[in-house]
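> Give me coordinates for this.
(one chain, ligands or ions: 1)
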Amino acid sequence: MKLSSKDLLGIKELTKDEIILILNTASGFKDVLKRDIKKVPALRGKTAVNLFFEPSTRTRTSFELAEKRLSLDVLNLSVTTSSVVKGESLIDTALNVQALGSDFMVIRHSSSGAPHLISRHINASVINGGDGINEHPTQALLDAFTIKEKTGRIEGLKVAIVGDILHSRVAKSNIYLLTKFGAEVRLIGPPTLVPRELEKLGVRVFHDMDSGLDGVNVVMVLRIQMERQGRGFFPSTLEYSKNWGLTSERFFKADMDAIVMHPGPMNRGLEVASDVADGPRSVILEQVTNGLAVRMAVMYLLAGERE
Ligand code: CP
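Numbers count the residues shown, from 1 in each chain. The predicted model follows:
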């Protein structure tokens with residue numbers, strides 16, 4: 001089986017079978033990454049360009065390492081020292097990078113739909129590394145991989161996503177993926193950041209932590225995106241952490257085997273207490289480790305589709 005597109009733009013467009021294929025392929029790459037020699041020649045001779053128009057630690061480094069583990073030639077375009085600052089358009093930038101012979105472009109951009117726009121103009125495989133408030137597909141895939149690894153399943157699980165859902169591309173991609181797999185998704189947060197209309201996505205909305213967390217198997221805490229809070233969505237950070245911060249007392253409401261996830265970067269003491277983030281039920285760093293195998297799988301499968 002192959003993926004049906006040359007690009008990975010979002011989870012919304014993927015079928016359940018395609019997601020299973022990516023997760024199974026990632027499982028094989030995770031075994032490879034445990035060997036002494038972690039590099040495979042699978043994509044030798046091909047080129048990947050990483051275009052990050054927004055800051056990133058995990059996604060950018062993990063794509064770069066995934067590309068190197070697959071023996072790709074890697075180019076990181078530094079946007080701040082590129083001709084983008086002289087006003088070159090997004091499409092012209094992508095066309096010029098393609099003219100150098102790139103097979104893959106990994107793009108993070110503050111505008112929702114930027115990777116989709118680029119994909120319509122270039123032949124290289126475009127991978128969405130996070131676009132505005134729309135989607136962050138590889139994050140949801142690595143989250144699913146981690147959930148499955150830790151609990152053995154996704155179907156039937158109760159998954160709480162806590163925080164700034166409105167501005168979260170991570171939440172959107174996770175909602176699409178988890179509902180495709182039959183998980184019960186609960187969104188928790190203040191009404192300004194978790195509006196009731198989101199229920200049309202097939203999820204349940206809670207504005208109270210204690211009832212939302214009751215008996216859940218997975219708690220996915222999201223970063224409060226201070227850079228997108230211009231309109232004052234909550235009175236103060238103190239108020240937010242008092243009502244919606246995940247503390248160890250609140251975590252007792254979840255199932256006794258529940259796991260805690262966070263896509264990073266974390267605001268410790270705001271959306272999550274350090275003793276929970278660093279505690280025995282936290283899989284936050286395992287998410288990062290799994291991101292490498294998942295991104296290798298995505299690039300490997302997209303290359304197969306292109307051929
Ligand atoms: N999870 C995530 O996207 O982290 P970065 O912003 O550091 O890439």
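
> When you work out contacts or count neighbours from here on, use the C-alpha atoms and nothing else.
Fine.

> Angles on the backbone of the one residue in the stretch 201-307 of the chain that gets nearest to the ligand, please.
Residue nearest to the ligand within the stretch 201-307 of the chain (Cα to the nearest ligand atom): Pro263, separated by 4.2 Å. Dihedral pair for Pro263: phi -70, psi -20, per degrees, to the nearest 10.

> Going along the chain, name the strands of the stretch 201-307 of the chain.
For the stretch 201-307 of the chain, the strands defined by DSSP state E, counting those that start in this stretch occupy 204-206, 218-221, 259-261.

> would CSV of those strands with distance to Asn174, mean neighbour count and mean pLDDT be doable?
What follows is the strands of the stretch 201-307 of the chain, written out as CSV (distance: least, Cα to Cα, whole Å; neighbours: other Cα atoms under 10 Å; pLDDT from 0 to 100):
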stretch, distance to Asn174, mean neighbour count, mean pLDDT
strand 204-206, 14, 20, 98
strand 218-221, 10, 23, 98
strand 259-261, 12, 24, 98
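
> before we move on, the earlier item: please look at the residue of the stretch 201-307 of the chain closest to the ligand and Gln139 and confirm they touch.
Yes: with contacts defined as Cα atoms under 8 Å, Pro263 counts as touching Gln139 at a distance of 7.3 Å.

> tell me, what's touching the two both at once?
Val170 (Cα atoms under 8 Å, 6 or more residues apart in numbering).

> could the strands of the stretch 201-307 of the chain go into a markdown table alongside distance to Ser89?
As requested, the strands of the stretch 201-307 of the chain are arranged in a markdown table below (distance: least, Cα to Cα, whole Å):
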| stretch | distance to Ser89 |
| --- | --- |
| strand 204-206 | 39 |
| strand 218-221 | 35 |
| strand 259-261 | 37 |
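
> How is the protein partitioned into domains?
In the assignment given by automatic domain parsing, the structural domains of the chain cover 16-135+288-305, 137-285.

> in this structure, which helix or strand is least confident?
Among the helical and strand segments of the chain, the one scoring lowest on mean pLDDT, DSSP states H and E is helix 237-244, with a mean of 90.

> packing partners for that one?
Under the contact definition 3 or more Cα pairs under 8 Å, 6 or more residues apart in numbering; DSSP states H and E, helix 237-244 sits against no other helix or strand.

> Name the residues that touch it?
If you take Cα under 8 Å, 6+ apart as the criterion, helix 237-244 is touched by 162-163, 188-190, 208-209, 234, 269-272.

> neighbour-wise, which of those residues leads?
Scoring these on neighbours with other Cα atoms under 10 Å, the highest-scoring entry is Val162 at 31 neighbours.

> name the element the residue of the stretch 101-250 of the chain found nearest the ligand belongs to?
The shortest separation between the stretch 101-250 of the chain and the ligand is 6.3 Å, found at Gln139 (distances taken as Cα to the nearest ligand atom). Here Gln139, judged by DSSP states H and E, is contained in helix 137-151.

> From the chain's centroid, how far away is the next helix or strand after that helix?
Following helix 137-151 in sequence order, the next helix or strand is strand 158-162 (DSSP H and E). Here strand 158-162 is found 15 Å from its chain centre; the criterion is Cα atoms, centre = their mean, to the nearest Å.

> swap in stretch 150-159?
Computed by Cα atoms, centre = their mean, the chain-centroid distance of stretch 150-159 equals 18 Å.

> And that stretch, what's buried?
Of the residues in stretch 150-159, those buried under the neighbour-count criterion (16 or more other Cα atoms under 10 Å) are 154, 157-159.

> The strand or helix carrying Val185 pairs with which strands, and in what direction?
In this structure, Val185 sits in strand 184-188 according to DSSP H and E. Strands that pair with strand 184-188, judged by DSSP bridges, come out as strand 158-162 (parallel), strand 204-206 (parallel).

> Let's have the strands of the stretch 201-307 of the chain in CSV, adding distance to the ligand.
As requested, the strands of the stretch 201-307 of the chain are exported to CSV (distance: least, Cα to the nearest ligand atom, whole Å):
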stretch, distance to the ligand
strand 204-206, 23
strand 218-221, 12
strand 259-261, 11
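
> Most widely separated two among the contacts of helix 237-244?
In the contacts of helix 237-244, two members sit farther apart than any others by Cα to Cα. They are Asp208 and Gly269, at 18.6 Å.

> related to what we said a few turns ago, give me the more crowded residue out of Pro263 and Gln139.
Neighbours of Pro263 and Gln139, each counted by other Cα under 10 Å, are more numerous for Gln139; the result is 27 against 21.

> wait, doesn't that one sit right on Arg169?
No: using Cα under 8 Å, Gln139 is not in contact with Arg169, being 9.2 Å away.

> Give the intersection of the neighbour lists for these two.
Shared contacts of Gln139 and Arg169, counting by Cα under 8 Å, 6+ apart, come down to nothing at all.
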